[in-house]
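*Asks:* What would the 3D arrangement of this be:
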Amino acid sequence: MPLLEVDNLTAHFHTRNGIVRAVDGVSFNLEQGETLGIVGESGSGKSVTCYSMLGLIPQPPGRIESGTAIFDGTDLLSCQKEALRKIRGKRISMIFQDPMTSLNPYLRVSTQLIEPLLIHEKIDKKEALKRAISALEEVGIQDAPKRVHFYPHEFSGGMRQRVMIAMALITHPEILIADEPSTALDVTVQAQILDLIKSRQKDLGTAVIFITHDLAVVAGFCDRVNVMYAGKIVESGVTGEIYYRSRHPYTLSLLKSIPSLQKKGTELYTIPGMPPDLSNEFAGCPFYERCPVSKDPCANTPTILKELQPDHSTSCLRYQQEDPAAIGM
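*Replies:* Next up is the predicted model:
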């Protein structure tokens, strides 16, 4: 049985300018100990999907319209706030995008690190501080007994990210949601952060949801991948299938956009057009206007995620109609 089962998750934002369909019918499973990547352009609904599961979107204007997210028999989308608080930060933790804005600049790191322990494990401050120092040492921060009392601004960007990882893992969660944890870090620090998450995952048996727009990182880090566009999952499968046998023009376009795969001296490929306005409803495929090979039926035929083979699904009508040769990408 999957550790987490998400079915038809739909989250909208009701604004003065209309209803923004940020997440529209997302379904996926997460197995114990696996790493699931969620990729796509900015605004595709990656972060909102996970924020919705943990009750972190502002309500209003946000609203969970439908769906379930079953974790250990509990529906995260409809359970009482008190029940969700007992899970969030203890059994499901999250590493947020920017540690400088996620960490409280007015509080010492020690205060912020021990907070989950005081809330969820009811231990005294002395024991919690020992656990906090040990957590910092485990993520590679030297002189942890001294640095644990520093303020966030006294750490570098990479060190702050390590603090966020230590905070997320200090309660030994069953699920870790990493929301672009390596963004804005240099390549060396990025590799260290990813290795750190992987090693801690191996030690604790934690399942990881890894949100990113960097397909190159996903290739060596994730077991399975969900590709999101316009609030929907347009392709899903094991990592090797997604990279070497893609079955959606959007995924193929993302792969073509990776600079390291371009021939030296050639112009870098970019996907034409702009992501769609999510306040508009789509009669057909949301990628229709940007797709280099779309046909008229694609504009008006509703799309659904369909499994073409075990562990590989796509919402592309042309692949579902067994017409991959006609795509010609």
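*Asks:* Starting from the helix or strand bottoming out on mean pLDDT in the chain, tell me the next helix or strand along the chain.
*Replies:* Every helix and strand in the chain was compared by mean pLDDT, DSSP states H and E; the lowest is helix 99-102, with a mean of 75. Reading on from helix 99-102 to the C-terminus, the next helix or strand found by DSSP states H and E is helix 109-120.
*Asks:* what's the distance between that following helix and the middle of its chain?
*Replies:* 24 Å (Cα atoms, centre = their mean, to the nearest Å).
*Asks:* and if you look at stretch 256-264?
*Replies:* 24 Å.
*Asks:* that older thread, from the contact counts, what lies against the least confident helix or strand of the chain?
*Replies:* Secondary-structure packing of helix 99-102 (3 or more Cβ pairs under 8 Å, 6 or more residues apart in numbering; DSSP states H and E): helix 157-169. Where C-beta positions appear, they are placed from N, C-alpha and C, glycine not excepted.
*Asks:* returning to that earlier point: quick check: buried residues in the least confident helix or strand of the chain?
*Replies:* Across helix 99-102, burial judged by 16 or more other Cβ atoms under 10 Å covers P99, S102.
*Asks:* Show me the contact partners of it.
*Replies:* If you take Cβ atoms under 8 Å, 6 or more residues apart in numbering as the criterion, helix 99-102 is touched by F96, P152, H153, G157, R160, Q161, V163, M164.
*Asks:* let's see it at 6 Å
*Replies:* Applying Cβ atoms under 6 Å, 6 or more residues apart in numbering, the contact partners of helix 99-102 are F96, R160, Q161, M164.
*Asks:* What is the linear distance spanned by stretch 100-108 between its boundary residues?
*Replies:* End-to-end distance of stretch 100-108 (Cα to Cα, to the nearest Å): 13 Å.
*Asks:* Could you look up the SS state of the residue most central in space within the chain?
*Replies:* The centroid of the chain falls nearest to I211 when counting by Cα atoms, centre = their mean (2.5 Å). Of the three states, I211 takes strand according to DSSP: H, G, I helix; E, B strand; the rest coil.
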